[in-house]
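J.: Just to be clear, the model below is a prediction. Sequence and coordinates:
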Amino acid sequence: MDSVLSAKITSNHSRLGGITISKDNIQNKILELLKIKPHTPTELANYFHQTREQFSKSYIYPLRNSKKIEKVDGSNYYQLAGQKNTIVTIQKQLRSESEIFNTNLFKNWTRKNHAKFEYKNQTRFARIVLGFVTHKFKIHPDDITKENWREVIPNMVDALLEVANYDIVDGEPNWSNRQAIRHAIKYGLGIEISENEGIQLRISGQKPKEKSSDLHITSEQIIEAKKLLSKHYSIEDYLKFGVKTWTFVRPSTVYLIELAKMEFIDQLVEYVDGADGTKLTDEKVVSYAKFKGDKIYSYVRRVCHIEVHENKTHDDFDKYILDSEFVEPLEQFYNTRISQGKKYLFWEDNNTKFESKTYDKILTSSVSRDNKFFKKILSMIGFQKSDFGLYFRANYGFRHFGIQMWLIATDYNYNLVAEMSHEGTETLKKWYGKRTQKDFQRKIKGIMVN
């Protein structure tokens, strides 16, 4: 986004003016610049006509190590030590100074839509009109008017489709691009687009087909993933896979897990042998077996309990990990983190403040990395892009995997599983909880018809 905010609409403006300054005074000048507002190492290096790598080694790191400057959480920006900038305040300031965000179209847009994440649509549209998406289409935002927008949009759509790196559906750009264009017209120009007009212009308001509500991961695929991750990747990646699957938290929430909210406990499991050799642990089955005097078996298993806070809904949920092949290394990893004085399970900086308005921006790069990495892993264990609907969002696949795993294990006890993830069962059933075909066939085996 920073490149969009600092970009000039026309090409005859320089980005930064340089100055000549003695080496002895550079550090003091850096502090003066940061007193005015936060800067990235690249911005500072350009200011002094140096490469970012050398400038960071010579000046940024020494100033940081001497605690005169510090990084703003979730960004590449530096500020003076003790300043209270956040990624949100920086983005707000950048937008107010940005040339493109001060055009009439964008000012109207901002004034009419105050939604928390509307900046994403604005940034996406800015990238399109600046020519960042494709050099074949570039236009000044204020050259899109109420009189000509119907002629401009088809050219914009053609250019987007030409460079599309996704499956094109119904001859339209993807949902994100369509939404950005529609919002620019609606809020920037004040024009409501009819359903038919949206379809004709190939910017319909039709949302992409949601992922299948019976998307699940098989036990064989989990075994394969364990082997793959333990052999070729880090213990942290292995444990993330286990934690994300068993807790089915939202993608960013995995980084908010605090060590203080975790515990490892011994749990006594009683069971009776089933006819097919399976261990029947259902409480009613075991109680009835005890009543009849049948032999009861038992064992102790190590369980991980995690209290998770979901910032999106401001709810707390209890999560449990029962697989010993995840629990045992997770407890070792937990103990190591404790001994290192860490606060979070997978996040390094103890001082990071994950507030409801900023946590998603702080974690953007980490979540993006996870999605790219686990997309590769899931592809290697047999998943196809089509399994996930229009977009292959591996991070959200884990939410489906975990919910389906718990539903199958509890014979689709929606009320019980909802206690770990949702306020009620409606959303759970609609988007995550459709019975798998295999389980449905199992349930109808005993149904007799005349």
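T.: Sure, I can see it. Just so it is clear, the structure is predicted and the values come from calculations on it, not from any experiment.

J.: Could you chop the protein up by domain?
T.: Following automatic domain parsing, one finds the domains of the chain at 2-94, 99-200, 219-443.

J.: what mean pLDDT does the top strand by length along the chain have?
T.: If you go by DSSP state E, the chain has its longest strand at strand 297-310. Per-residue pLDDT values across strand 297-310 average out to 92.

J.: now do stretch 431-448
T.: The average pLDDT within stretch 431-448 is 68.

J.: ditto for stretch 329-345
T.: For stretch 329-345, the per-residue pLDDT averages 96.

J.: Adjust the sequence numbering to begin at 58 for everything that follows.
T.: Happy to do that; since the first residue is 58 now, the last one works out to stretch 386-402.

J.: Would you mark the buried spots in it?
T.: 387-388, 390-391, 394, 399, 401-402 (16 or more other Cβ atoms under 10 Å). In this view, the C-beta of every residue, glycine as well, is placed from N, C-alpha and C.

J.: Return the closest of these with respect to residue 191.
T.: residue 401 (39.9 Å; Cβ to Cβ).

J.: Quickly list what the closest one is bridged to.
T.: Beta-bridge pairing of residue 401 under DSSP bridges involves residue 315.

J.: Can you list the buried residues in the longest strand of the chain?
T.: Residues 360-361, 363, 365-367 are the ones in strand 354-367 that count as buried (16+ other Cβ under 10 Å).

J.: What is that strand packed up against?
T.: Secondary structure elements in contact with strand 354-367, counted by 3 or more Cβ pairs under 8 Å, 6 or more residues apart in numbering; DSSP states H and E, are helix 292-304, strand 319-330, strand 372-378, helix 381-396.

J.: Could you dump these into TSV and include distance to residue 226?
T.: Output for the helices and strands packed on strand 354-367, formatted as TSV (distance: least, Cβ to Cβ, whole Å):
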stretch	distance to residue 226
helix 292-304	28
strand 319-330	42
strand 372-378	34
helix 381-396	37
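
J.: circling back: now, the most widely separated pair of the buried residues of stretch 386-402?
T.: Greatest spatial distance among the buried residues of stretch 386-402 (Cβ to Cβ): 388 and 401, at 16.2 Å.

J.: Tell me which residues touch residue 336, please.
T.: Applying Cβ atoms under 8 Å, 6 or more residues apart in numbering to residue 336 gives the contacts 328-330, 354.

J.: typo on my end, it should be residue 297
T.: Neighbouring residues of residue 297 by Cβ under 8 Å, 6+ apart: 311, 403, 427.

J.: ok, so of these, who is nearest residue 296?
T.: Nearest to residue 296 among these, counting by Cβ to Cβ, is residue 403 at 8.1 Å.

J.: For my notes, confirm that closest one occurs in a strand.
T.: No: counting by DSSP: H, G, I helix; E, B strand; the rest coil, residue 403 falls outside a strand, being coil.

J.: What is the neighbour count of the residue lying closest to it once chain neighbours are set aside?
T.: Closest residue to residue 403 apart from its sequence neighbours, by Cβ to Cβ, 6 or more residues apart in numbering: residue 312 at 5.3 Å. Neighbour count for residue 312, taken as other Cβ atoms under 10 Å: 21.

J.: ok, now the one 10 residues further on?
T.: Using other Cβ under 10 Å as the criterion, residue 322 is surrounded by 10 other residues.

J.: repeat for residue 319
T.: Neighbour count of residue 319, defined by other Cβ under 10 Å: 20.

J.: same deal with residue 408?
T.: Residues near residue 408, counting by other Cβ under 10 Å, number 7.

J.: Let me know the distance separating residue 464 from residue 458.
T.: For residue 464, the distance to residue 458 (Cβ to Cβ, to the nearest Å) stands at 11 Å.

J.: Please apply the same query to residue 303.
T.: As for residue 303, its distance to residue 458 is 9 Å (criterion: Cβ to Cβ).

J.: Same question for residue 394.
T.: Here the criterion is Cβ to Cβ. By it, residue 394 lies 25 Å from residue 458.

J.: Also residue 157?
T.: 41 Å.

J.: how about the helices in the stretch 158-307 of the chain?
T.: Ranges of helices within the stretch 158-307 of the chain are 161-169, 175-186, 206-219, 232-240, 252-257, 276-289, 292-304, based on DSSP state H, counting those that start in this stretch.

J.: Return the member of those helices having the minimum mean pLDDT.
T.: Taking the mean pLDDT of the helices of the stretch 158-307 of the chain, helix 175-186 comes last: a mean of 90.

J.: That one relative to helix 161-169, how many degrees between them?
T.: 170 degrees (axes from the mean of the first three to the mean of the last three Cα atoms, to 10 degrees).

J.: For the closest residue to residue 247 other than its chain neighbours, the count of nearby residues, please.
T.: Closest residue in space to residue 247, ignoring its immediate chain neighbours: residue 165 at 6.9 Å, by Cβ to Cβ, 6+ apart. When neighbours are counted by other Cβ under 10 Å, residue 165 registers 15.

J.: looking at it, residue 165 is touching residue 244, isn't it?
T.: Yes: between residue 165 and residue 244 there is a contact under Cβ atoms under 8 Å: 6.4 Å.

J.: Quickly list what's touching both of the two.
T.: Overlap of the contact sets of residue 165 and residue 244 (by Cβ under 8 Å, 6+ apart) is empty.

J.: Assumed the residue nearest to residue 403 was part of a helix.
T.: Yes: per three-state DSSP, residue 312 lies within a helix segment.

J.: so how far is residue 400 from it?
T.: Look at residue 312 and residue 400: by Cβ to Cβ, they are 11 Å apart.

J.: For residue 168, see how far away residue 389 is.
T.: Separation of residue 389 from residue 168 (Cβ to Cβ) stands at 54 Å.

J.: Oops, could you answer that again for residue 201 instead?
T.: 17 Å.

J.: Name the residue in those two with the higher neighbour count.
T.: residue 201 (22 against 10).

J.: tell me the contacts of that one?
T.: Counted by Cβ under 8 Å, 6+ apart, residue 201 has contacts 162, 186, 209, 241, 245-246.

J.: Only the buried subset of the residues you listed, as a PyMOL command please.
T.: Buried subset of the contacts of residue 201, written as a PyMOL selection, criterion 16+ other Cβ under 10 Å:
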select buried, resi 162+186+209+241+245+246
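
J.: what's the closest of the contacts of residue 201 to residue 487?
T.: Nearest to residue 487, judged by Cβ to Cβ, of these is residue 241 at 31.4 Å.
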